[in-house]
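In: Quick one, fold the following:
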Amino acid sequence: MEEDFACLYVIRGEPYRSGTCLNLSGDETLVGRVSDFVIPDLAFTNAFISRRHFIIRKEHEKAVLYDLGSRQGTEINGVRLTPHTPYPLNNFDIIRLAKGMTVLHFSFMFAEQTLEIEPLSITSRLEVPDLRLTIHWEKRECVVEGKRIPMSEKEYLLIRVLHEKANQLVTLEEIRSRVWPERTLGAEGYSDVSLDELNALVYRIRKKYGKDTFLISAIRGNGYVLESELKSSYRKWE
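Out: Here you go, the predicted model:
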């Protein structure tokens, strides 16, 4: 495998700092928890991660992930994998281990330096908080701990696109086009919505609904991830 084949970026996971790039530089890379008997290529310290948790192999120029029968399992984009079954990885895939205590972002796009991850959520939390949250899309309102909170148009559009792809990275351009469809395109064909506008909207959502209600992380230069196990009245796009 060539040295710059692909990377795993740490969104959250001890002992690594958020944004650390873990190069996939071998024909196969073992990910797990270090012990006296097993030293994985990428070693985490969390006790919920198995010693041999999953492996990534290079197969026909693809990065293919296999869960090795780990006790707590491996999730990709919110879906738990079947052990010992190949899963070809794609750019922007989000890998979750240990009940969400360890979160990784896969990319074929190699970066020379640490990726900047803006912790708009409390990324140091061990688990997604167990809040009583329901979203009524047709009414455009959230019910948080029994309190009804109406959503503004932009809050509604952003929460909806992030929730639709919960536990996946949603690119900046998709967010811009879905949340600000009325905005004009610049000379290069991209929306003129600035990152400051987008960050300000996320900040307002966190302040209005509670900082732990929507766990949103911004992977600067790529997009946003909503970690969610929410249940709502939404069924399909109207």
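In: Quote the end-to-end distance of stretch 92-102.
Out: 16 Å (CA to CA, to the nearest Å).
In: Am I right that residue 154 falls within a strand?
Out: No. Applying DSSP: H, G, I helix; E, B strand; the rest coil, one finds residue 154 to be helix, outside a strand.
In: and the gap between it and residue 85?
Out: Distance, residue 154 to residue 85, using CB to CB, to the nearest Å: 40 Å. C-betas here are computed from N, CA, C, even on glycine.
In: The two: which has the busier surroundings?
Out: residue 154 (15 against 9; other CB atoms under 10 Å).
In: Before we move on, what's the pLDDT of the more buried one?
Out: Confidence at residue 154, expressed as pLDDT, is 94.
In: Contacts only, for residue 107.
Out: Contacts for residue 107 were tallied using CB atoms under 8 Å, 6 or more residues apart in numbering; they are 6-7, 9, 91-92.
In: Just give me the closest of the residues you listed to residue 98.
Out: residue 9 (17.0 Å; CB to CB).
In: surely that closest one meets residue 24?
Out: No. Counting by CB atoms under 8 Å, residue 9 does not reach residue 24; the two are 11.3 Å apart.
In: so where's this structure uncertain?
Out: Under the criterion of pLDDT under 70, the regions of the chain flagged as low confidence span 1-4, 109-131, 186-190, 220, 229-238.
In: quick one: contacts for residue 226?
Out: 162-163, 165-167, 170, 214-216.
In: Quick one: these as TSV, columns for distance to residue 38 and neighbour count too.
Out: Shown next, in TSV, are these (distance: CB to CB, whole Å; neighbours: other CB atoms under 10 Å):
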residue	distance to residue 38	neighbour count
162	37	25
163	38	17
165	34	20
166	32	17
167	28	20
170	35	22
214	37	27
215	31	20
216	35	22
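In: And those, which is closest to residue 148?
Out: residue 214 (16.3 Å).
In: That closest one contacts residue 207, correct?
Out: No. Contact between residue 214 and residue 207 fails when scored by CB under 8 Å: they sit 11.0 Å apart.
In: Not counting the longest helix along the chain itself, show me its contacts.
Out: When the chain is parsed with DSSP state H, its longest helix is helix 195-209. By CB under 8 Å, 6+ apart, the surrounding residues in contact with helix 195-209 are 118, 120, 142, 144, 149, 154-155, 158-159, 172, 175-176, 179, 213-214, 216, 218, 220, 224.
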